[in-house]
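Undergrad: attaching a predicted model along with its sequence, questions to come.
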Amino acid sequence: MYIQKNKEQIEQEEKLLENQEPQKFLPPDDFSELEAPHDMLIEKYSKDVLLHWRASEFEIFERDRKWYLYMSAILIAIVAYAVFTNSLIMAVVFILFGVVGYIYINKEPRVLDFMITREGVVAGREIYSFDNINSFWIFYEEDGLRVISLHTQSYLAPYIHIPIADQDPSEIRRILLQYNPEEEHKPGMVDTLERLLRL
């Protein structure tokens, strides 16, 4: 009796499955509702915006034909020296360095949104919380460097430079002083070389 009942139940379930219409997957009408975790984090940090501006992600230097000739001559001299001393790896590295450098310097910079909020500094899709910032300094030259330098607790890249474009540096300083101390930062060797070589 028990076995017979089980068979009947199985037959009924099979009939139900046969008659049942397959479920269709309907995509959402508005894909903007599907937020990535990173975007949600930015939205959280973007509340109570104290200052907002837009600027190029990096400084653009004017490079004339002479500049390209000088850089090419230096690179060719280094590669020739590497070949002469049988340092083929060194030659390959500098050739790759030249190719990558050429692509990089001819890349158009993105225009990013920068914000100072009550939680930290937002630069494009990057967030720098005030809790992770040790100090700040503003480099402001009339015809030169105009960036906020943030000394963070990161070991790999402790100094972050954020362009301020035509923003008032005194206003930025006033806001940042509420959250972090101001300490003079010296331009690093890499920064100095980048400016000298117009990279």
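TA: Done, it's in.
Undergrad: okay, now the unreliable bits of this protein?
TA: 1-47, 58-62, 142-144, 187-199 (pLDDT under 70).
Undergrad: recalculate using a threshold of 50.
TA: In the predicted model, the chain carries pLDDT under 50 at residues 1-5, 17, 20-37.
Undergrad: which residues in this protein form strands?
TA: Listed from the start of the chain, the chain has strands (DSSP state E) covering 49-56, 111-117, 120-123, 126-129, 133-140, 146-152, 159-163.
Undergrad: would you reformat those as JSON lines and include distance to residue 78 and mean neighbour count?
TA: C-beta: built from backbone N, CA, C; applies to glycine. Converted to JSON lines, the strands of the chain look like this (distance: least, CB to CB, whole Å; neighbours: other CB atoms under 10 Å):
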{"stretch": "strand 49-56", "distance to residue 78": "30", "mean neighbour count": "14"}
{"stretch": "strand 111-117", "distance to residue 78": "34", "mean neighbour count": "18"}
{"stretch": "strand 120-123", "distance to residue 78": "34", "mean neighbour count": "22"}
{"stretch": "strand 126-129", "distance to residue 78": "34", "mean neighbour count": "17"}
{"stretch": "strand 133-140", "distance to residue 78": "31", "mean neighbour count": "18"}
{"stretch": "strand 146-152", "distance to residue 78": "30", "mean neighbour count": "21"}
{"stretch": "strand 159-163", "distance to residue 78": "28", "mean neighbour count": "19"}
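Undergrad: in JSON lines: these, plus distance to residue 64.
TA: Below are the strands of the chain laid out as JSON lines (distance: least, CB to CB, whole Å):
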{"stretch": "strand 49-56", "distance to residue 64": "20"}
{"stretch": "strand 111-117", "distance to residue 64": "25"}
{"stretch": "strand 120-123", "distance to residue 64": "31"}
{"stretch": "strand 126-129", "distance to residue 64": "33"}
{"stretch": "strand 133-140", "distance to residue 64": "25"}
{"stretch": "strand 146-152", "distance to residue 64": "23"}
{"stretch": "strand 159-163", "distance to residue 64": "23"}
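Undergrad: of the ones you listed, which is nearest residue 169?
TA: Comparing those against residue 169 with CB to CB, the closest turns out to be strand 133-140 (4.5 Å).
Undergrad: for residue 102, which of the strands of the chain is the nearest?
TA: Ranked by CB to CB, the member of the strands of the chain that lies closest to residue 102 is strand 49-56, at 19.5 Å.
Undergrad: sheet partners, orientation included, of that closest one?
TA: Sheet neighbours of strand 49-56, with direction, are listed as strand 111-117 (antiparallel) (DSSP bridges).
Undergrad: quick one: contacts of the strand it pairs with?
TA: Residues lying outside strand 111-117 but in contact with it, judged by CB atoms under 8 Å, 6 or more residues apart in numbering, are 45-57, 121-124, 162-164, 172, 175-176.
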